[in-house]
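> no FASTA, just this:
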């Protein structure tokens, strides 16, 4: 009984770490679809979102079952509560990758983004994937120092996000209103994706230390 | 012991319903600040956000304590798990009201929004406050039918959101890129606020029926 319990608890962490890898892959593909106007890749992300939803459902059912059948306490209880939160964050990261893919599909075969800003979005995509991959590692290793690094890693995303606004608000923006509206929303999707990855890492800090670090203002 | 437990469980629902009222008030004030370029009101929302964060912390600590000390099962366990989720949604609704208030402050004494679109935002604000107030009622009464109504109530928000994009993407938009960027983000904040209110109501359906209704695509 005790052994099955421990296996189930460890399994929950594995599920979440795998979910990080899945949403990292979704954002990588969505960004490639966006920059490369690759419709097939966009469709792949869009049809793959249901899988992410079901991973979330699965993690939440497992969390519920652990609470109902085992009444965990102390660190184990924190693992389960953190998993309930983190699976929600990860599902949302999947949705944000989905939104990027849908934007790529909506404007296909045109590119959503003016050439001038594509490098910024390529970079936001790279940072996003790195954050999600690092969150996976943090869940697997429970390395609190690595978890804390995500806050500062995410600063790069915030800087890119702010820079995009500076570009659009300047009088040099030559790409019109529609492109600015698209770029505004897309930049927001990447920024929120980064915030959720940081939140996932913060949950690991909570599991290990029992304290939830103060959230970054978003 | 049993009685204290029930009191604590009921108290959790009260906390969440009160939180709905607080975030409804925050969004009402933020919208008034936005439309009326009222700096004092914007500051009130901004300084009030810390209270919402601490309400969330309190609800989550109470949820955790109930799990750790009482090991609830069946409906009671669903109440606690739903509260963990709902308090997160409500805290986020507070953040979105905060974002609206910050936008109002950032452009003060200018109005963020062109006069043409102000009525749409006034209406989005009205719908947002109504959704949060109805979510409070749903938590207090556990009325599943009322909870289901929020999905269709939120359609009004989605329609307003879509209409804003149609306006900005049309060639008649005369207010430039900066106003479009501001309006894009603001419309997104209201739309997400509505989504979270719907999610809170859906958690009540889950508490009562044991089934989580399929989420709306956002």
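Structure received. None of these values were measured; they are calculated from a predicted model.
> residues near residue A:161, how many?
17 (other C-beta atoms under 10 Å in any protein chain shown). Bear in mind the C-beta positions are built from the backbone N, C-alpha and C, glycine included.
> interface residues of chain A facing chain B?
Applying C-beta under 8 Å from any C-beta of the partner chain, one finds that chain A approaches chain B through A:53, A:63-64, A:67-68, A:71, A:73-74, A:77, A:81, A:84-85, A:88, A:95, A:165, A:168-169, A:173, A:176-178, A:180-181, A:184-185, A:188, A:215, A:218.
> PyMOL command to pick out the buried ones of these?
Entered in PyMOL, the line below selects the buried ones among those, by 16 or more other C-beta atoms under 10 Å in any protein chain shown:
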select buried, chain A and resi 63+67+71+77+81+84+85+88+95+165+168+173+177+178+180+181+184+185+188+218
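> For the residue of chain A at minimum distance from chain B, list the residues it contacts.
As assessed by C-beta to the nearest C-beta, chain B sits closest to residue A:71 within chain A, at 3.6 Å. By C-beta atoms under 8 Å, 6 or more residues apart in numbering or on different chains, the contact set of residue A:71 is B:67, B:71.
> ok, now with 7 Å
residue B:71 (C-beta atoms under 7 Å, 6 or more residues apart in numbering or on different chains).
> where's the residue nearest the centre of chain A, which helix or strand?
Central residue of chain A (C-alpha atoms, centre = their mean): residue A:93, 3.6 Å from the mean position. Using DSSP states H and E, residue A:93 maps to helix A:74-107.
> between that helix and helix B:74-107, how big is the angle?
60 degrees (axes from the mean of the first three to the mean of the last three C-alpha atoms, to 10 degrees).
> can you give me phi and psi for residue A:38?
Main-chain dihedrals, residue A:38, degrees, to the nearest 10: phi -100, psi 100.
> tally of neighbours for it?
17.
> what's the closest non-adjacent residue to it?
residue A:32 (6.1 Å; C-beta to C-beta, 6 or more residues apart in numbering or on different chains).
> On the pLDDT front, check that neighbour for me.
pLDDT, residue A:32: 98.
> Which residue ranges of chain A form helices?
Counting by DSSP state H, chain A has helices at residues A:2-36, A:39-70, A:74-107, A:118-141, A:144-169, A:176-209.
> Output those helices as JSON lines; include the columns distance to residue B:131.
Shown next, in JSON lines, are those (distance: least, C-beta to C-beta, whole Å):
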{"stretch": "helix A:2-36", "distance to residue B:131": "28"}
{"stretch": "helix A:39-70", "distance to residue B:131": "23"}
{"stretch": "helix A:74-107", "distance to residue B:131": "19"}
{"stretch": "helix A:118-141", "distance to residue B:131": "30"}
{"stretch": "helix A:144-169", "distance to residue B:131": "28"}
{"stretch": "helix A:176-209", "distance to residue B:131": "21"}
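> Nearest to residue B:129, out of the ones you listed?
helix A:176-209 (23.2 Å; C-beta to C-beta).
> buried ones in the closest one?
So helix A:176-209, judged by 16+ other C-beta under 10 Å, has buried residues A:177-208.
> now that helix, how far from the chain's geometric center?
In terms of C-alpha atoms, centre = their mean, to the nearest Å, the gap separating the centre of helix A:176-209 from the centre of its chain is 7 Å.
> Summarise which helices and strands that helix is packed against.
helix A:74-107, helix A:118-141, helix A:144-169, helix B:144-169, helix B:176-209 (3 or more C-beta pairs under 7 Å, 6 or more residues apart in numbering or on different chains; DSSP states H and E).
> average pLDDT across the shortest one?
Taken as a whole, helix A:118-141 carries a mean pLDDT of 98.
> List the buried residues of that helix.
Neighbour counts using 16+ other C-beta under 10 Å place A:120-139 of helix A:118-141 among the buried residues.
> low pLDDT regions in chain A?
A:1, A:215-218 (pLDDT under 70).
> ok, back up a step: quick check: the residue of chain A closest to chain B vs residue B:6, distance?
Distance, residue A:71 to residue B:6, by C-beta to C-beta, to the nearest Å: 18 Å.
> same question, residue A:213
Taken as C-beta to C-beta, the span from residue A:213 to residue B:6 is 34 Å.
> likewise residue A:111?
Here the distance between residue A:111 and residue B:6 works out to 59 Å (C-beta to C-beta).
> With neighbour numbers in mind, choose between the two.
residue A:111 (15 against 12).
> which residues sit in contact with the more buried one?
Neighbouring residues of residue A:111 by C-beta under 7 Å, 6+ apart: residue A:37.
> Phi, psi for it please.
Dihedral angles for residue A:111 - degrees, to the nearest 10 - are phi -90, psi 130.
> follow-up on the earlier one: how about the closest residue to the residue nearest to the centre of chain A other than its chain neighbours, what does it touch?
Spatial nearest neighbour of residue A:93, chain neighbours left out: residue A:23 (4.3 Å); criterion: C-beta to C-beta, 6+ apart. Each residue near residue A:23 by C-beta under 7 Å, 6+ apart is listed here: A:52, A:90, A:93-94, A:97, A:132.
> how close does residue A:23 get to residue A:100?
12 Å.
> residues making contact with stretch A:190-203?
A:20, A:27, A:82, A:85-86, A:89-90, A:92-93, A:96, A:124-125, A:127-128, A:131-132, A:135, A:138, A:147, A:150-151, A:154, A:157-158, A:161, A:212-213, A:216, A:218.
> ok, for residue A:156, nearest residue in space, not its chain neighbours?
Distance criterion C-beta to C-beta, 6+ apart; nearest residue to residue A:156, sequence neighbours excluded, is residue A:127 at 5.2 Å.
> cool, residue A:140 as well?
Spatial nearest neighbour of residue A:140, excluding adjacent residues (C-beta to C-beta, 6+ apart): residue A:17 at 4.9 Å.
> so who does that neighbour touch?
When contacts are counted by C-beta under 7 Å, 6+ apart, residue A:17 is found next to A:136, A:139-140.
> Distance of it relative to residue A:93?
Distance from residue A:17 to residue A:93, by C-beta to C-beta: 14 Å.
> now swap in residue A:31 and tell me
Going from residue A:31 to residue A:93 by C-beta to C-beta gives 13 Å.
> can you check residue A:20 too?
8 Å.
> list the residues that contact both of these two?
In contact with both residue A:20 and residue A:93: residue A:132, using C-beta under 7 Å, 6+ apart.
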